[in-house]
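Student: I'll drop the sequence and a predicted model, then ask my questions.
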Amino acid sequence: MQPTAQTHYQAELDAGRFSIQHCLQCQNHVFTPRELCPHCGASPLGWVPASGLGTVYSATTIARKADAGGNYNVALIDLDEGVRIMSRVEGVAPEDVRIGLRVQAHVAQQDGRGLVLFQPVAQGGAA
């Protein structure tokens, strides 16, 4: 039996790779993982490495006590490929994550599972 799109996506992350789907028919990128292209209905969808570059579309700070890990942010990131992903931006204070901030993805491991996190792009770096 073929693995589902979500299973394949997680397996790629667990191996340290951030991949997104790409429709071979209409050439659109697709996220979240699915079996059919939401743009044209084609199947199957291919997988391509994500550039990981994107822009913060929206962000919020979640307040927690310091002994519970402290504050963190939840952000919606518009990837340069034209899809939106929910994640966290690290490397800056949660309240400093702003709409329009350029970010770069990386795959981190947490409890043996891969997940996509973002860091601000250094000024003068990749855009």
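Tutor: Okay, I see it.
Student: For the rest of this, base every contact and every neighbour count on C-alpha atoms.
Tutor: Will do.
Student: Now do the contacts for the residue nearest the centre of the chain.
Tutor: For the chain, the residue nearest the mean C-alpha position is I85 (4.6 Å; CA atoms, centre = their mean). I85 sits next to 31-32, 76-79 when contact means CA atoms under 8 Å, 6 or more residues apart in numbering.
Student: Kindly report the same for G100.
Tutor: 55-57.
Student: out of the contacts of I85, which are buried?
Tutor: 31, 76-79 (16 or more other CA atoms under 10 Å).
Student: Could you point out which of those is nearest to A108?
Tutor: If you rank those by distance to A108 using CA to CA, I77 comes first, at 16.7 Å.
Student: Show me how far the strand or helix carrying that closest one is from its chain's centre.
Tutor: Following DSSP states H and E, one finds I77 within strand 72-79. Chain-centre distance of strand 72-79: 8 Å, with CA atoms, centre = their mean, to the nearest Å.
Student: can you check stretch 105-116 too?
Tutor: On CA atoms, centre = their mean, the centre of stretch 105-116 falls 11 Å from that of its chain.
Student: all numbers from here: first residue = 14
Tutor: With 14 as the first residue, the last one maps to stretch 118-129.
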